[in-house]
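Visitor: Here is my input, please return the structure:
(one chain, ligands or ions: 1)
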Amino acid sequence: MKDNQSLYTAFQVTSTLLAQSKKYPFSDLIPNDTVSLASLYLSQTEEGQKHLSTFKSPFRRWCLNTITEWWLPGFTSFLLMRKLYVEQKVEQFLTKYPDGQVVNIGAGLDTLLSRLARRGINNRLIEIDYPLVMDLKKTYSLHHNLIFSGADLKQTPIERVLENSGFNPDAPVLFILEGVLMYLPEALAFDLLQTLNHLSQSNSELLFSAIRDDESLFNPRVKRAMERNNSPFLWAKELTPLKTELIDLGFSVVEQETHEDFSSRFTDKLPKPKAFTLYEYYNYAVKA
Ligand SMILES: C[S@@+](CC[C@H](N)C(=O)[O-])C[C@H]1O[C@@H](n2cnc3c(N)ncnc32)[C@H](O)[C@@H]1O
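Guide: Down below sits the predicted model:
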């Protein structure tokens, strides 16, 4: 895989988010240190610098927002809602388990764990993504309790990655997989979930997104672009069959949140998008 292909989705998510950070009402919901950290991460490659120059130019930002809204109506609001949702879940988990650890698999350039480490929390925090992606974060997010583990999950078993990252099987854990499992072959994605369930000897929670199995929701232009960048979605599943599979894997499913649920959850913070195109939903489950 070419370097720019392994950075592609991490960069896309980050630049879409940055482009919102100057646009009301999104601006109030994106922390300043997300903008500064993500900018530092991006600044280290030529491709990242192109994204940054888009972010800095009002006209190019407007073009990016307009094109994104045209390609994927509602995606930008959804992206922000999913960030707020994941942050809420992490905060709730750490309140419930003060000695808990958080593992973000396919973390990309997300800033949440770095921001928590900056606040001085002592919990073990682990991020996993392609080595190239993790290398962009190491320089700017040095904290004793935050570990960046570079691995291709198609090549290296998750148990080996976690073993090498200081994962503690005896401490409560929240695994986050935000916008990543759909890029792995289906069998590998479900093996990975099963392994996560077996690895932990303590309270184990899981927060991950999946794509709904509705072909009409995928714009052919987007599909082609993703295939060109070697990042097509490899599987999709409706909520009920996914819930059944999770139960078979030994999880108890607490929540399955769709775009509409997110929209109701954050109705006081964000206007309801006019349309929802990319049908990603979030599954929150605990080890049964
Ligand atoms: C859409 S991005 C989401 C990033 C981040 N979770 C977020 O929501 O901001 C998908 C992430 O999964 C990572 N990823 C995809 N396939 C992977 C693989 N085989 N091994 C490691 N990371 C992978 C990508 O590098 C990218 O950072």
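Visitor: Geometric centre of this protein: which residue is closest?
Guide: In the chain, the centroid-proximal residue (CA atoms, centre = their mean) is Glu178; its distance is 2.9 Å.
Visitor: Distance of it relative to Leu109?
Guide: Going from Glu178 to Leu109 by CB to CB, to the nearest Å gives 12 Å. For glycine as for every other residue, the C-beta is placed from the backbone atoms N, C-alpha and C.
Visitor: same deal with Trp71?
Guide: 21 Å.
Visitor: can you check Ile147 too?
Guide: 16 Å.
Visitor: what's the answer for Pro98, then?
Guide: Taking CB to CB, one finds Pro98 at 28 Å from Leu109.
Visitor: And Leu94, by the same measure?
Guide: As judged by CB to CB, Leu94 and Leu109 stand 22 Å apart.
Visitor: more neighbours, those two?
Guide: Under the criterion of other CB atoms under 10 Å, the comparison of Leu94 against Leu109 puts Leu109 first, with 25 against 18.
Visitor: Just the pLDDT at the more buried one, thanks.
Guide: If you check Leu109, the pLDDT there is 97.
Visitor: Tell me the residue of this protein that sits nearest the ligand?
Guide: Closest residue of the chain to the ligand, CB to the nearest ligand atom: Gly108 (2.6 Å).
Visitor: Please name the residues that touch that residue.
Guide: Thr9, Ala10, Val13, Thr14, Asp129, Val133, Gly179 (CB atoms under 8 Å, 6 or more residues apart in numbering).
Visitor: Excluding sequence neighbours, find me the nearest residue to it.
Guide: Ala10 (3.6 Å; CB to CB, 6 or more residues apart in numbering).
Visitor: what does Phe233 give?
Guide: Closest to Phe233 by CB to CB, 6+ apart is Met182, at 4.5 Å.
Visitor: Can you pull the residues of the stretch 1-150 of the chain lying near the ligand?
Guide: Ser6, Thr9, Ala10, Val13, Gly106, Ala107, Gly108, Asp110, Asp129, Tyr130, Val133 (CB under 6 Å from any ligand atom).
Visitor: Work out for me the element the second one sits within.
Guide: Right, the one you point to is Thr9. Thr9 belongs to helix 3-20 when assigned by DSSP states H and E.
Visitor: Contacts for that helix, please.
Guide: 26-27, 30, 34-35, 38-39, 41-42, 45, 47-48, 51-52, 54-55, 61, 64-65, 68, 75-76, 79-80, 83, 108-110, 129-130, 132-133, 136, 152, 179, 183, 229-231.
Visitor: How far away from the center of its chain is the next helix or strand after it?
Guide: Sequence-wise, the next helix or strand downstream of helix 3-20 (DSSP H and E) is helix 32-42. Computed by CA atoms, centre = their mean, to the nearest Å, the separation of helix 32-42 from the middle of its chain amounts to 16 Å.
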